[in-house]
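[1] please find the sequence and the predicted model below.
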Amino acid sequence: MVITKIESQKNKDRVNIYIDGNFAFGIMKEIQYKYNLTEDMEVDEDYIKEVLIEEEQSKCNNFALRFLGYRQRSEKEVIERLQRKGFEQDIIENTLSYLKNYGLIDDLEFAKSFMRDKININKHGPEKIKYDLYRKGISQAIIEKVLDEDDNEYARALKLAQKKLPSYKNDDKNAQYRKLGGFLQRRGYSSHCVYKILDKLIK
């Protein structure tokens, strides 16, 4: 088999490869250069297969980089997005190694950043943060490690409760206790913390 023609696509970063007079495939120019593909070059099926695998790997890497460009992601989020895109498992694993090598995915750093945002922006408690991190595929060890750094649960919950309590001013004490407790639990605060605050604010 002989490469009879190489032509540029509308996308200047890609080229079309013709073999024995027929269109064969399109690839990134960087792949063409890497494999030194030129017109009149003889190729066999194994070489073509290697080129196409490299092209697929490049697509997967680039897609993952764009996906990470919007915000930080957990490893599980990256894997699930690449699987939905239809990439093969071995290609995905190579991409994960590539991303980790450049420090672009790190579940510990992701978990720390996620916790900071949920505390500072959403005022969530540790139970909700723990659940959300678990859903994103973060390991139990990492979850426990980052939550150990949250030593401000009570103060945060107290401030939230003091702000919310006036909205229950027309309710009796039992209703206030029930509603405020439910509010704090939905925000993810531990039962111990919630009961402590209820005992302090509702007498």
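    Now that the structure is in, tell me what you want to look at. Numbering: from 1, shown residues only.
[2] CA atoms for contacts and neighbours, from now on please.
    OK.
[3] what count of nearby residues applies to residue 173?
    Residues near residue 173, counting by other CA atoms under 10 Å, number 13.
[4] for residue 77, same thing?
    Counted with other CA under 10 Å, residue 77 comes out at 16.
[5] where does it sit, in terms of helix or strand?
    helix 75-85 (DSSP states H and E).
[6] ditto for residue 25
    Assigned by DSSP H and E, residue 25 falls in strand 22-28.
[7] helix or strand right after that strand?
    Following strand 22-28 toward the C-terminus (DSSP H and E): helix 29-34.
[8] tell me the helices and strands packed up against that following helix.
    When contacts are defined as 3 or more CA pairs under 8 Å, 6 or more residues apart in numbering; DSSP states H and E, helix 29-34 packs onto helix 45-70.
[9] who are the packing partners of the helix it packs on?
    strand 22-28, helix 29-34, helix 75-85, helix 89-101.
[10] now these as a markdown table including distance to residue 65?
    Below are these laid out as a markdown table (distance: least, CA to CA, whole Å):
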| stretch | distance to residue 65 |
| --- | --- |
| strand 22-28 | 16 |
| helix 29-34 | 17 |
| helix 75-85 | 10 |
| helix 89-101 | 8 |
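[11] for stretch 86-98, list every residue counted as buried.
    87, 91, 92, 95, 96 (16 or more other CA atoms under 10 Å).
[12] quick one: the residues you listed as TSV, columns for distance to residue 103 and pLDDT too.
    Formatted as TSV, these follow (distance: CA to CA, whole Å; pLDDT from 0 to 100):
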residue	distance to residue 103	pLDDT
87	22	96
91	18	96
92	16	97
95	12	97
96	10	96
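[13] okay if I get the residues you listed as a markdown table plus distance to residue 143?
    Below are the buried residues of stretch 86-98 laid out as a markdown table (distance: CA to CA, whole Å):
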| residue | distance to residue 143 |
| --- | --- |
| 87 | 29 |
| 91 | 28 |
| 92 | 25 |
| 95 | 25 |
| 96 | 21 |
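[14] for the closest residue to residue 156 other than its chain neighbours, give me its contacts.
    The shortest distance from residue 156 to any non-neighbouring residue, by CA to CA, 6 or more residues apart in numbering, is to residue 123 (7.2 Å). The contact partners of residue 123, taken as CA atoms under 8 Å, 6 or more residues apart in numbering, are 156, 160, 187.
[15] run a quick neighbour tally on the closest residue to the last one other than its chain neighbours.
    Spelled out, that is residue 187. Leaving aside its chain neighbours, residue 187 sits nearest to residue 124 (5.1 Å; criterion: CA to CA, 6+ apart). Other residues within reach of residue 124, judged by other CA under 10 Å, total 24.
[16] and for residue 134?
    15.
[17] quick one, domains of this protein?
    3-101, 107-147, 153-201 (automatic domain parsing).
[18] any idea how far the last one is from the chain center?
    A distance of 33 Å separates the C-alpha centroid of domain 153-201 from that of its chain, computed with CA atoms, centre = their mean, to the nearest Å.
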